[in-house]
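K.L.:
Structure, please.
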Amino acid sequence: FNAEFKPMEVQIGGTTEGGQPIWLSRVAKSLNRFVAGASKNLNYAGVAVLAAMMFLTAVDVTGRYVFNKPLAGSLELTEFMMAILVAFGLAYTELQKGHINVDIIISRVPPKSAAVINAVTNLLSLGLFGLIAWRCLIYGESLRTGSFVSSSLFIPIFPFAYMVALGSLLLCMVFLINFL
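P.N.:
Have a look, this model is predicted:
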């Protein structure tokens with residue numbers, strides 16, 4: 001047996017073809033895999049909530065106009081479901097580039113300038129939705145400690161504020177990936 005031991009090379013320095021440090025590229029890829037999976041799962045949950053909301057609305061309308069008996073609390077449930085639906089779809093929609101994008105200026109500038117504009121936009125969006133996530137967490141905590149509930153069904157409100165914070169936080173991660 002005449003094998004020569006060669007230690008594994010760990011590359012700390014160096015850059016990718018785009019000029020990005022290799023370690024940063026690896027972190028971005030790992031974060032992207034996590035965010036893609038989490039956003040897809042949250043989106044599936046949002047789609048399930050949408051289906052439940054459609055069913056609830058159909059039952060309420062049928063009860064109201066056919067049997068003259070509306071479904072009690074359906075408006076409250078629809079409001080809560082709408083918060084979940086919007087918050088859980090934000091990150092997935094951004095990953096799919098499905099949000100509205102006005103590219104009047106971007107299409108008329110050189111690619112390097114467009115990249116700078118996109119980076120600044122992602123950074124500002126990260127800051128805005130980071131602020132939204134933070135404030136929703138604070139708001140949710142105040143709702144939890146104050147034991148606030150909905151007016152007709154007495155459903156605790158704080159979980160929905162936390163869900164909006166979760167959706168906003170995941171969207172922040174997408175903006176961070178886009179920035180990197």
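
K.L.:
all contacts plus neighbour counts: C-alpha atoms, from now on.
P.N.:
Will do.

K.L.:
And the longest helix seen in the chain, what does it pack against?
P.N.:
Of all the elements of type helix in the chain, the one with the most residues (DSSP state H) is helix 22-65. Using 3 or more Cα pairs under 8 Å, 6 or more residues apart in numbering; DSSP states H and E as the contact criterion, the secondary-structure elements in contact with helix 22-65 are helix 74-95, helix 158-179.

K.L.:
Return the backbone torsion pair for residue 149.
P.N.:
The phi/psi pair for residue 149 (degrees, to the nearest 10) reads phi -130, psi 160.

K.L.:
is it true that it touches residue 142?
P.N.:
No. With contact defined as Cα atoms under 8 Å, residue 149 and residue 142 do not form a contacting pair (12.0 Å).

K.L.:
quick one: low-confidence ranges for the chain?
P.N.:
By pLDDT under 70, the weakly predicted segments of the chain are 1-20.

K.L.:
hmm, try it at 90
P.N.:
Screening the chain residue by residue with the criterion pLDDT under 90, one finds the ranges 1-32, 35, 96-115, 117-118, 177-180.

K.L.:
Can you add mean neighbour count and give the helices and strands packed on helix 22-65 back as JSON lines?
P.N.:
Supplementary listing: those in JSON lines, determined by neighbours: other Cα atoms under 10 Å:
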{"stretch": "helix 74-95", "mean neighbour count": "20"}
{"stretch": "helix 158-179", "mean neighbour count": "22"}
